[in-house]
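Asker: below are the sequence and a predicted model; questions follow.
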Amino acid sequence: MTTISRWVCILIVLVLGVIVILGLVFGLKKNKGTTNKGTTRNLKEIVVERCLMFIKEVDTSDNKCDQIWSTFKHAFIGKNPCNVKMGDYDQFIDTVHQYISRNKTLFWSKTQQIAHDFTKATKCFMTLEDTLVGYMMDGLTWCGQNSSMEFDYTYCPGYKECENNPVSSFWKRASMNFAESAQGRVAVMLNGSMSQPFSTSSIFGSIEVNHFNSSIISHVNIISVISSTYSGPCNSMSIRNLTSILKNKRINSTCKDITVSEIQNCTSKHNPQSCDCVINGEL
């Protein structure tokens with residue numbers, strides 16, 4: 001092997017290594033609803049148990065988990081798994097009683113892992129998955145069969161097979177409700193290491209932003225999470241597009257580039273001001 005070939009091989013290995021690391025840090029998972037697995041085994045038991053646990057540890061409302069399960073199941077059971085729409089979950093959303101405190105909402109796009117690590121460490125913000133609706137269904141798969149009251153444990157279509165599948169439609173409807181409930185100053189974590197940190201085809205760009213209510217949302221803190229200090233996605237066309245959309249909705253916004261290491265430092269146990277450190281830029 002020549003010296004040039006050897007250096008090419010080394011460069012390829014380094015690039016692949018960086019990609020793997022970024023994937024682990026940011027949580028670059030497929031959009032919810034892409035799985036082709038069948039319904040999660042013991043789905044009812046898992047959902048009801050999560051519901052009871054959440055109410056015991058977090059929520060003090062009068063939610064009835066059996067009733068919540070019933071309305072959830074009713075949304076998709078007996079239906080063509082490629083014809084379950086967002087509106088089919090309306091009754092379920094109305095059944096779940098949850099309140100999201102003002103200035104506590106955190107949205108994310110292609111930053112799943114680091115956003116959840118942040119909320120878990122600080123407890124001062126909450127993502128959709130930190131609410132009762134999201135907590136109950138996170139990581140699960142479900143679908144029914146046309147004209148049958150049984151679950152399909154063999155195969156559930158993903159969004160590549162059909163847009164209106166039970167899982168995708170659920171997360172879109174849940175995201176819509178989460179966005180409509182946001183109040184005060186809200187935040188969003190975007191993956192600034194991608195060519196398009198903000199995409200109008202993502203759930204955040206196509207659902208959540210469109211349901212921001214300017215009468216109750218005063219400001220959006222855009223957090224561009226980057227791998228190094230050498231990039232500046234806040235000045236990118238992608239994020240300028242987001243700020244323009246927000247401006248048209250009469251919602252003020254600011255953007256801040258912050259590295260993964262800075263977030264990890266901010267959320268360490270030795271820094272009680274971690275929320276302000278990340279959100280307001282008090283580094």
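Answerer: It's in.
Asker: quick one: residue 140 and residue 158, what's the gap?
Answerer: Taking C-beta to C-beta, to the nearest Å as the measure, residue 140 falls 14 Å from residue 158. Backbone N, C-alpha and C define where each C-beta goes, glycine included.
Asker: these two: who's more crowded?
Answerer: Per other C-beta atoms under 10 Å, whichever of residue 140 and residue 158 has more neighbours is residue 158, with 20 against 16.
Asker: and that one, what are its phi and psi?
Answerer: Residue 158 adopts backbone torsions of phi -100, psi -180, taken as degrees, to the nearest 10.
Asker: do residue 109 as well
Answerer: Phi and psi for residue 109, reported as degrees, to the nearest 10, are phi -150, psi 120.
Asker: which residues touch it?
Answerer: By C-beta atoms under 8 Å, 6 or more residues apart in numbering, the contact set of residue 109 is 188, 189, 190, 191, 197, 198, 199, 202, 203, 204, 205.
Asker: inside strands: which ones of those?
Answerer: Residues of the contacts of residue 109 located in strands (DSSP state E): 188, 189, 190, 191.
Asker: a markdown table for the contacts of residue 109, including neighbour count, pLDDT and distance to residue 226?
Answerer: Formatted as a markdown table, the contacts of residue 109 follow (neighbours: other C-beta atoms under 10 Å; pLDDT from 0 to 100; distance: C-beta to C-beta, whole Å):
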| residue | neighbour count | pLDDT | distance to residue 226 |
| --- | --- | --- | --- |
| 188 | 24 | 97 | 15 |
| 189 | 31 | 96 | 11 |
| 190 | 30 | 97 | 10 |
| 191 | 27 | 95 | 8 |
| 197 | 27 | 95 | 9 |
| 198 | 27 | 97 | 14 |
| 199 | 19 | 95 | 17 |
| 202 | 17 | 96 | 18 |
| 203 | 23 | 97 | 22 |
| 204 | 22 | 98 | 18 |
| 205 | 19 | 97 | 19 |
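Asker: nearest to residue 57, of those residues?
Answerer: Nearest to residue 57 among the contacts of residue 109: residue 189, at 24.5 Å, using C-beta to C-beta.
Asker: state the distance from residue 103 to residue 63.
Answerer: Note on residue 103: its distance to residue 63, by C-beta to C-beta, is 24 Å.
Asker: got it, and residue 45?
Answerer: Distance from residue 45 to residue 63, by C-beta to C-beta: 17 Å.
Asker: what about those two, which has more around it?
Answerer: Neighbours were counted for residue 45 and for residue 63 using other C-beta under 10 Å; residue 63 has more, 17 against 10.
Asker: mind telling me what element that one is part of?
Answerer: For residue 63, there is no enclosing helix or strand under DSSP states H and E.
Asker: what residues are up against it?
Answerer: 51, 55, 96, 97, 98, 132.
Asker: that one and residue 56: what is the separation?
Answerer: From residue 63 across to residue 56, the span is 11 Å (C-beta to C-beta).
Asker: likewise for residue 220?
Answerer: With distances taken as C-beta to C-beta, residue 220 is found 33 Å from residue 56.
Asker: what does residue 266 give?
Answerer: Taken as C-beta to C-beta, the span from residue 266 to residue 56 is 30 Å.
Asker: comparing these two, which residue is more hemmed in?
Answerer: Neighbours were tallied for residue 266 and for residue 56 using other C-beta under 10 Å; the higher tally belongs to residue 266 (21 against 9).
Asker: what about the nearest residue to that one once chain neighbours are set aside, how many neighbours?
Answerer: Leaving aside its chain neighbours, residue 266 sits nearest to residue 277 (3.7 Å; criterion: C-beta to C-beta, 6 or more residues apart in numbering). Using other C-beta under 10 Å, residue 277 is surrounded by 20 other residues.
Asker: in the chain, which strand has the most residues?
Answerer: Scanning the chain for the strand with the most residues, using DSSP E, yields strand 217-226.
Asker: partners of that one in the sheet?
Answerer: strand 184-191 (parallel), strand 252-259 (parallel) (DSSP bridges).
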